[in-house]
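Asks: here is my input, please return the structure:
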Amino acid sequence: MGTTTSALDRNLNHEEVLELTEQKSAHNYAPMEVVLTRGEGVYVWDKNGKKLFDMLGCYSALNVGHLHPKLVEVMVNQLKKITLTSRAFYTEEMALFADVLCELTGMEKMLPMNTGAEAVETAIKMSRRWAYRVKGVEANKAEIIVCSGNFHGRTTTIVSFSDDPDAHDEFGPYTPGFVTVPFNDPEALEAAITPNTAAFLVEPIQGEGGIIVPDDGYLVQIREICDRHNVLLVLDEVQTGFFRTGKVFAFEHEDMRPDALIMGKALGGGIMPVSAVASSHEAMDAAFPPGSHGSTFGGNPLSSAVAIAAIELMKEERMDKQAAEKGAYFMRKLEAINSPLVKEIRGKGLLIGMEFTREAGKAKPYLKKMMKEGVLAKDTHEQTVRFAPPITITTEEIDQAVALVARVIGG
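Replies: The predicted structure follows:
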């Protein structure tokens, strides 16, 4: 009998990886032409052995960096016990995950899923059920208010209320029941509320929208408006949560609390896809009796163990304090470049946007030059570069990375 070989035994070179991916994979992404093979902390290495700074951090999923040894140890230990059971049965890991996450968020109940989009869909279903069963909205009349410039995922329902043509166009017929208002405009929110309004779904900082930070007091104002009209305030903290902005959650920059919190990305420690919605007993129990919602992999023992470890690690290492201090330092360093190409540096903590002037053109050509220098980042809304490195990055590494960026955009 011949020897059986695995596809993983093949050793493709850089060009072969690009060619095979383009031939056999859908073109729903336009990756930068770098093939990553290894990661550690804030660094990644490409197929040719070049070391680069990962300043994207997988869109805030890598808050603790690549392959943090504490999380790897937890994952390996769990792999030796049990990884998947489905929610048809109880597991200790899932019970502990629920307890830890509710304590962190201050919420009464949580529902685990896998991806951010799944968690958003869960929150939408919860809001509608709550509106019918608790608020008394007429059947099939519930509306959810969202913001222009939003990004909440790419399911058919979610893209129905997106105003990004790439995500939205030609995917209809679209799901009804959504009303769009401008971001950072409390008056527009209040004017849009009707007796059928179930919830206001909003990001505390718009990440994909270009790192758009609302005015101070915005979250407090929308909280007061939702309270007056008996509307659920649902915050999508998939990108901003878990210490990224200098607080455990971005809403903590103001004196308010949401009714429901959507989480993902960093919850999985950069190792597993983990997401969740946390809310009150009232909303969760009204929406989800047995059989009403679920996920084969949601809350599995492996994901639960990793999520617990990730939360505990971020708390122990005070990553909120780290993100606040390092983010302010990073922005000062970028501003000090004083580039004529840059219109504005903005952000909170280590979620930073660098917007180019219209005269400078789109960000993508500059990103390609940064990649050649050894810095990986990504554009959003064409003009803005997003920097969201692991919170574990040091000030010395920030200095080194900014020096490489300055080679590209320096005056």
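
Asks: what about stretch 314-322, start to end distance?
Replies: End-to-end span of stretch 314-322 (Cα to Cα, to the nearest Å): 10 Å.

Asks: same question for stretch 82-93.
Replies: End-to-end span of stretch 82-93 (Cα to Cα): 10 Å.

Asks: list the buried residues of that stretch.
Replies: Using 16 or more other Cβ atoms under 10 Å as the test for burial, stretch 82-93 gives 87, 91, 93. Yep, even glycine has a C-beta here, placed from its N, CA and C like the rest.

Asks: those residues in helices, which ones?
Replies: Judged by DSSP state H, the subset of the buried residues of stretch 82-93 located in helices is residue 93.

Asks: ok, the closest residue to residue 141 other than its chain neighbours - contacts?
Replies: Nearest residue to residue 141 in three dimensions, chain neighbours excluded: residue 196, at 4.7 Å (Cβ to Cβ, 6 or more residues apart in numbering). Listed by Cβ atoms under 8 Å, 6 or more residues apart in numbering, the contact partners of residue 196 are 131, 137, 138, 141, 142, 143.

Asks: now with 10 Å?
Replies: Taking Cβ atoms under 10 Å, 6 or more residues apart in numbering, we find residue 196 in contact with 131, 135, 137, 138, 140, 141, 142, 143, 144, 177, 179.

Asks: and for residue 280?
Replies: 107, 108, 109, 130, 232, 259, 260, 286.

Asks: swap in 8 Å and give it another go.
Replies: With contact taken as Cβ under 8 Å, 6+ apart, residue 280 is in contact with 107, 108, 109, 259, 260.

Asks: just residue 37 next, same as before
Replies: Applying Cβ under 8 Å, 6+ apart, we find residue 37 in contact with 45, 46, 47.

Asks: just the buried members of those residues?
Replies: If you count burial by 16+ other Cβ under 10 Å, the buried members of the contacts of residue 37 come out as 46, 47.

Asks: for stretch 106-118, measure first residue to last.
Replies: Using Cα to Cα, one end of stretch 106-118 lies 22 Å from the other.

Asks: for that stretch, buried residues please.
Replies: Applying 16+ other Cβ under 10 Å to stretch 106-118 flags 107, 109, 110, 111, 112, 113, 114, 115, 116, 117, 118 as buried.

Asks: in strands, which of these appear?
Replies: When these are checked against strands (DSSP state E), the matches are 109, 110, 111, 112, 113.

Asks: I'd say the last one and residue 295 touch.
Replies: Yes. If you go by Cβ atoms under 8 Å, residue 113 and residue 295 touch, sitting 5.3 Å apart.

Asks: if we can go back for a sec, most widely separated two among the ones in strands among the buried residues of stretch 106-118?
Replies: Spatially, the most separated pair among these is 109 and 113, at 13.8 Å (Cβ to Cβ).

Asks: any idea which residue sits dead centre in this structure?
Replies: In the chain, the residue lying closest to the centroid (Cα atoms, centre = their mean) is residue 239, at 2.6 Å.

Asks: and that residue, what is it in contact with?
Replies: Counting by Cβ under 8 Å, 6+ apart, residue 239 touches 59, 60, 203, 205, 207, 208, 265, 351, 388.

Asks: circling back to that earlier point, let's have the buried residues of stretch 106-118 in CSV, adding pLDDT.
Replies: Below are the buried residues of stretch 106-118 laid out as CSV (pLDDT from 0 to 100):
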residue, pLDDT
107, 98
109, 98
110, 98
111, 98
112, 98
113, 98
114, 98
115, 98
116, 98
117, 98
118, 98
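
Asks: nearest to residue 9 among those?
Replies: Nearest to residue 9 out of the buried residues of stretch 106-118 is residue 114 (Cβ to Cβ; 29.4 Å).

Asks: what's the separation between the closest one and residue 140?
Replies: Counting by Cβ to Cβ, to the nearest Å, the gap between residue 114 and residue 140 amounts to 28 Å.

Asks: repeat that for residue 310.
Replies: Distance, residue 310 to residue 140, using Cβ to Cβ: 39 Å.

Asks: same question for residue 61.
Replies: In this view, residue 61 and residue 140 are 36 Å apart by Cβ to Cβ.

Asks: residue 97 now?
Replies: Here residue 97 is placed at a distance of 34 Å from residue 140 (Cβ to Cβ).

Asks: same question, residue 195
Replies: Residue 195 is 14 Å from residue 140, where distance means Cβ to Cβ.

Asks: now swap in residue 317 and tell me
Replies: Distance, residue 317 to residue 140, using Cβ to Cβ: 47 Å.

Asks: for residue 243, same thing?
Replies: Residue 243 sits 40 Å away from residue 140, going by Cβ to Cβ.

Asks: compare neighbour counts for those two and give me the winner.
Replies: Neighbours per residue, other Cβ atoms under 10 Å: of residue 243 and residue 140, the larger number sits with residue 243, 26 against 10.

Asks: ok, the nearest residue to the more buried one once chain neighbours are set aside - contacts?
Replies: Nearest residue to residue 243 in three dimensions, chain neighbours excluded: residue 319, at 3.8 Å (Cβ to Cβ, 6+ apart). By Cβ under 8 Å, 6+ apart, residue 319 lies in contact with 63, 64, 242, 243, 391.

Asks: so who does the second one touch?
Replies: By Cβ under 8 Å, 6+ apart, the residues touching residue 64 are 71, 266, 269, 270, 310, 313, 314, 319, 390, 391, 392.

Asks: can we see that at 7 Å?
Replies: For residue 64, the contact set (Cβ atoms under 7 Å, 6 or more residues apart in numbering) comprises 71, 269, 270, 310, 313, 314, 390, 392.

Asks: wait, a helix at residue 402?
Replies: Yes. Counting by DSSP: H, G, I helix; E, B strand; the rest coil, residue 402 is found in a helix.

Asks: right, and it touches residue 333 too?
Replies: Yes. Residue 402 is within contact range of residue 333, at 4.4 Å (criterion: Cβ atoms under 7 Å).

Asks: the longest helix seen in the chain: which residues count as buried?
Replies: Longest helix of the chain, by residue count under DSSP H: helix 319-337. Of all the residues in helix 319-337, those buried under the rule 16+ other Cβ under 10 Å are 319, 320, 322, 323, 324, 326, 327, 330, 331, 333, 334, 337.

Asks: my guess is the third one contacts residue 391, does it?
Replies: Yes. Between residue 322 and residue 391 there is a contact under Cβ under 7 Å: 5.3 Å.

Asks: that older thread, for the contacts of residue 239, pick the one with the most neighbours.
Replies: In terms of neighbours by other Cβ under 10 Å, the contacts of residue 239 top out with residue 388 at 30 neighbours.
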